[in-house]
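A.B. asks: sequence unavailable; structure follows:
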């Protein structure tokens, strides 16, 4: 007895679904295979964050608002708070500032050190109580074995902290599907002029 049309249709759909499932699990980019071959790469370099000089590589493009000191005479209890506010008021960074970056990445801290890439992105000052910024930065590598690849990070940067930690959120080239973290430290830096930041990036890819 001939099979009914609905039965033939359902059988065909089942076979197609099974074939698609088998092929999907046979793909070279299978996630289980990728997980088994994940490696961790340590990148270390120095970023030159220059706000002054004839060719600045960082610039404030939006100015936030100033933090105003109280007009009344401070009591003894207020001395600590007024000292903190005085430091914030004299700071070249203000709440709401937006800064753009196009900074050189080099092997060593010196200006003449070999260049390995460029750090491009922006930072927004997000705290009224300190020099704290939200950073989005792309580290584009143009030398060495990682030439042509990039790593992207997001993070909360508190300039009062000795070590700041940010999150690796992705990458390109050899660092596609990257994850990991970035640590930054002041090497020779002040808020008014900028300076040199030491960077360690640990990337899983």
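C.D. replies: Ah, there it is. Given the structure is predicted, the values throughout are model-derived calculations rather than measurements.

A.B. asks: may I have the distance across stretch 184-198, first residue to last?
C.D. replies: Start-to-end span of stretch 184-198 (Cα to Cα, to the nearest Å) is 6 Å.

A.B. asks: touching it from outside, list them.
C.D. replies: Stretch 184-198 has contacts (Cβ atoms under 8 Å, 6 or more residues apart in numbering) with 44, 46-52, 58, 91-93, 109, 131, 157, 159, 162-164, 166, 199-200. For glycine as for every other residue, the C-beta is placed from the backbone atoms N, C-alpha and C.

A.B. asks: what pLDDT does residue 128 get?
C.D. replies: You'll see residue 128 listed with a pLDDT of 82.

A.B. asks: now it. Nearest residue, chain neighbours left out?
C.D. replies: residue 95 (4.8 Å; Cβ to Cβ, 6 or more residues apart in numbering).

A.B. asks: the one you found bridge partners, please.
C.D. replies: Per DSSP bridges, the residues bridged to residue 95 are residue 65.

A.B. asks: do the same with residue 59
C.D. replies: Listed by DSSP bridges, the beta-bridge partners for residue 59 are residue 100.

A.B. asks: enumerate every residue touching it.
C.D. replies: Residue 59 makes contacts with 51, 99, 100, as judged by Cβ under 8 Å, 6+ apart.

A.B. asks: same check on residue 166?
C.D. replies: Applying Cβ under 8 Å, 6+ apart, we find residue 166 in contact with 135, 137, 153, 154, 155, 156, 157, 181, 182, 184.
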